[in-house]
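# predicted model follows, preceded by the sequence.
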Amino acid sequence: MLRFLLVFLLVQGVLFGVEMLQPVQSAVILPWTGWLADASGWLMSAFDSHVATSGKIVSSTLNGFAVSIEPGCNGVEAMIVLLSAILAFPAPPAYKLMGLLWGFVAIQGMNLLRIISLFYLGQWSRELFDWAHLYIWQALIMLDALVVFLIWIRYLPGGNASPAPAEVSV
């Protein structure tokens with residue numbers, strides 16, 4: 001347990017430090033954030049023709065409301081937490097990779113829902129937007145990472161994916 005905790009904290013420290021470097025921000029984080037804006041705009045345009053994207057901004061051409069997807073709102077931090085937990089946990093490399101892939105899909109899928117819901121919530125009520133943005137969605141994204149990690153642990157080889165029947169002596 002102590003080894004897990006130390007590796008988990010060390011990997012997080014290194015990855016959060018690397019994420020803050022300007023070259024990483026320019027080459028990875030900002031393009032990823034722009035892609036998230038484009039993807040959420042594309043999804044919304046399927047049912048709302050008044051959505052436009054530009055860089056990391058998603059806006060309504062109808063009323064001018066816009067959201068800017070900032071670092072910290074792009075799912076990268078939740079992925080760093082999940083990556084750190086999976087790397088710190090003793091498991092075969094193939095299973096670690098599978099956990100990271102499924103975790104990426106789960107976290108970024110949830111993040112797209114987050115962006116879309118906040119975009120429409122902000123047009124309806126700025127007060128509810130602020131509350132959902134600051135409290136509800138931040139907790140849900142991190143909870144998503146935790147749930148993915150717990151499910152991943154449950155299905156590791158040698159784990160007990162389905163409990164064995166209890167022994168009965170006669």
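Looks like it came in fine. Numbering: from 1, shown residues only.
# contacts and neighbour counts: CA atoms only from here.
Fine.
# M110 and M142: what is the separation?
Noted for M110: a distance of 10 Å to M142, by Cα to Cα, to the nearest Å.
# stretch 67-77: which residues count as buried?
Counting neighbours by 16 or more other Cα atoms under 10 Å, one finds that the buried residues in stretch 67-77 are V67, S68, I69, P71, C73, N74, G75, V76, E77.
# got CSV for these, with secondary structure and distance to I153 too?
Formatted as CSV, those follow (DSSP: H, G, I helix; E, B strand; the rest coil; distance: Cα to Cα, whole Å):
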residue, secondary structure, distance to I153
V67, strand, 36
S68, strand, 35
I69, coil, 31
P71, coil, 29
C73, coil, 26
N74, coil, 25
G75, coil, 21
V76, helix, 21
E77, helix, 20
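# low-confidence ranges, the chain, go.
159-170 (pLDDT under 70).
# ok, now how distant is Y120 from W35?
From Y120 to W35 the distance is 19 Å (Cα to Cα).
# element containing the residue sitting nearest the centre point of the chain?
In the chain, the centroid-proximal residue (Cα atoms, centre = their mean) is I107; its distance is 3.1 Å. If you go by DSSP states H and E, I107 is part of helix 93-124.
# return the set of buried residues in the next helix or strand after that helix.
Downstream of helix 93-124, the next assigned helix or strand under DSSP H and E is helix 126-131. For helix 126-131, a neighbour-count test (16+ other Cα under 10 Å) marks F129 as buried.
# just list what helix 126-131 packs against, helices and strands only.
Applying 3 or more Cα pairs under 8 Å, 6 or more residues apart in numbering; DSSP states H and E, one finds that helix 126-131 contacts helix 93-124.
# can you tell me the number of residues neighbouring G99?
23 (other Cα atoms under 10 Å).
# and what of P23?
By other Cα under 10 Å, 11 other residues sit near P23.
# then M44?
Going by other Cα under 10 Å, the residues that sit close to M44 add up to 18.
# surely it meets V51?
Yes. Contact criterion Cα atoms under 8 Å: M44 and V51 qualify, at 6.8 Å.
# any shared contact partners between the two?
When Cα atoms under 8 Å, 6 or more residues apart in numbering defines a contact, no residue borders M44 and V51 alike.
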